[in-house]
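>>> Turn this into a model:
(chains A and B)
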Amino acid sequence: SQTIHQWPATLVQPVGSPLSLECTVEGTSNPNLYWYRQAAGRGLQLLFYSVGIGQISSEVPQNLSASRPQDRQFILSSKKLLLSDSGFYLCAWNRDSNQPLHFGDGSRLSIL
Amino acid sequence: GESVGLHLPTLSVQEGDNSIINCAYSNSASDYFIWYKQESGKGPQFIIDIRSNMDKRQGQRVTVLLNKTVKHLSLQIAATQPGDSAVYFCAGLYGQNFVFGPGTRLSVLP
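Residues are numbered from 1 along each chain as shown, chains lettered A, B, ... in the order given. Below you'll find the predicted structure:
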């Protein structure tokens, strides 16, 4: 069966510090991978998606970037965090774009 | 742009009763919808999906209804249990990506 792992689960960082959130998927190959941000009372906002190694599409301009160094690894990064980057970040995968998304348990990022 | 939204941000139901959570969408271009359940501190969990060539689909204790005429989607949970307490999201596929509603928080009263 397929599993998806995100880490760290929680992170407290000062403004201006770098960020790296990691996501890996097991039990499948060549998945589509996604990063979402979830704000309270609002729907999930798609940040990045990837259909293959090194292929990244960005949905919104922001202070964040994504990379896919391996088939089942997706990384969310920032060189300098802003207060507005605080939030709950979710990684997800699916086999094809018209298949259900399967989510990890998220990473809660607090910026001080 | 496309939007997917829920009618009520919160819903309280007596244990054992049926729950109905509603969702409306703005653009009929989507042909695939999903309901998710999210418990506190966890990621959304897939419940059930439906494609636009169907009006109804049933799972274990859950039923999804799709009314394309009025662009409305609903999730029915039969015999609601305390473990059903969570936030429920609908999502519609537009192009290659899903658009999510803000969620309804379901509280099950003893």
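>>> Could you pick out the residues of chain B near chain A for me?
Neighbours of chain A within chain B, by CB under 8 Å from any CB of the partner chain: B:4, B:9, B:32, B:34, B:36, B:41-46, B:49, B:89, B:91, B:93, B:96-103. For every residue, glycine as well, the C-beta is placed using N, CA and C.
>>> are any of those buried, and which?
Listed as buried from the residues of chain B next to chain A are B:4, B:32, B:34, B:36, B:43-44, B:49, B:89, B:91, B:93, B:97-103; burial here means 16 or more other CB atoms under 10 Å in any protein chain shown.
>>> Point out where chain A drops to low pLDDT.
Within chain A, not a single segment meets pLDDT under 70.
>>> tell me the centre residue of it?
Of all residues in chain A, the one closest to the mean position by CA atoms, centre = their mean is A:W35, 3.1 Å from it.
>>> Just the pLDDT for the residue nearest to A:S97 when sequence neighbours are not counted.
Using CB to CB, 6 or more residues apart in numbering or on different chains and skipping the chain neighbours, the partner closest in space to A:S97 is B:Q96 (4.2 Å). We have a pLDDT of 85 for B:Q96.
>>> in chain B, which spans are strands?
According to DSSP state E, chain B carries its strands in the segments B:4-6, B:10-14, B:19-25, B:32-38, B:45-51, B:56-58, B:62-67, B:72-77, B:86-94, B:97-100, B:104-109.
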